[in-house]
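Student: pasting a predicted model and its sequence here:
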Amino acid sequence: MAIKAYAFDAYGTLFNVAGAALRYRDALKVDPEPFAALWRLKQIEYTWTLTLMGRYHDFWELTQRALDYTFEKFPAADRSLRKALLESYWTLDAYDDTKPTLKALRVRGIKTVIFTNGTPDMAKGAADHAGITDVIDGIVSIDAIRKFKTTRDAYDLVCSHLGLPHEEVALVSSNRWDVAGAVSSGMRAIWCNRTGQPEEYPGLTAERTIRGLAEL
Ligand code: LAC
């Protein structure tokens, strides 16, 4: 069956999350790569654990908690950057292939939405900053259901927003666990494996693996 719509994960797929810490490479006083990786890991861990517990705090709150944890683990890091690091989340850079791909899909008559754990404000902030708001058909945030990916309800939400059956909507995500969640719900999925990560989640496999969005 043909894919009628693509639901794009935001962070790490359209927008470069690691870029937030890299902007402060010198001022941070610690290696920004493991710092950014731990910040991201904790942010996502909190989404999974809270949803398993049936609890919810929005992604902005969890992004702050994860950053505070990361500062505790990197005592040499300059805490005066806390505000700037958080603010950079609202102005993340899009990857170079983000806008051209979204434009090309629109020309082909395929619908595109941002489908994210982020709050609607965070996603809109990043989309406006990246200049892609006009080339997408909307933003779907799990904030509407107060449950994070990979609950089935999240994937059902984006398909119902699009008014399409799961078999006609493909998630595009750089997060392998997100791909697994989409496939498990009956959606299609394309893994944008930008950084050459190893395969995981056997049995919940993407129908295509790409190295960048231009391959779409
Ligand atoms: C998102 C995170 C998981 O945008 O990247 O949903």
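Tutor: Sure, I can see it. Numbers count the residues shown, from 1 in each chain.
Student: OK, contacts around the residue nearest to residue 216 when sequence neighbours are not counted?
Tutor: With Cβ to Cβ, 6 or more residues apart in numbering as the criterion, residue 216 has its nearest non-adjacent residue at 5.5 Å, and that residue is residue 101. C-beta: built from backbone N, CA, C; applies to glycine. Residue 101 is in contact with 213-214, 216, counting by Cβ atoms under 8 Å, 6 or more residues apart in numbering.
Student: tell me the mean pLDDT for the helix or strand harbouring residue 101?
Tutor: Following DSSP states H and E, the helix or strand that holds residue 101 is helix 98-107. Taken as a whole, helix 98-107 has an average pLDDT of 97.
Student: packing partners for the next helix or strand after that helix?
Tutor: Note on helix 98-107: by DSSP H and E, the next helix or strand toward the C-terminus is strand 111-116. Here strand 111-116 touches strand 5-8, helix 98-107, helix 120-130, strand 139-141, helix 152-162, going by 3 or more Cβ pairs under 8 Å, 6 or more residues apart in numbering; DSSP states H and E.
Student: need the residues of the protein near the ligand, please.
Tutor: 9-12, 116-118, 149, 175, 178 (Cβ under 6 Å from any ligand atom).
Student: those residues in strands, which ones?
Tutor: Among the residues of the chain next to the ligand, the ones falling in strands (DSSP state E) are residue 116.
Student: now rank the residues of the chain next to the ligand by neighbours and give me the top one.
Tutor: Neighbour counts for those (other Cβ atoms under 10 Å) peak at residue 116, which has 30 neighbours.
Student: what pairs with that residue across the strands?
Tutor: residue 141 (DSSP bridges).
Student: going forward, the N-terminal residue is numbered 593.
Tutor: Got it, the first residue is 593 from now on, which makes the last one we talked about residue 708.
Student: mind checking the SS state of the residue of the chain most remote from its centre?
Tutor: Going by Cα atoms, centre = their mean, the residue of the chain most distant from its centre is residue 668, 28.5 Å out. Per DSSP: H, G, I helix; E, B strand; the rest coil, the local secondary structure of residue 668 is coil.
Student: relative to residue 604, how far out is the closest residue to it other than its chain neighbours?
Tutor: Counting by Cβ to Cβ, 6+ apart, residue 668 lies nearest to residue 622, which is 5.2 Å off, once chain neighbours are set aside. Residue 622 is 21 Å from residue 604, where distance means Cβ to Cβ, to the nearest Å.
Student: all set now, cheers.
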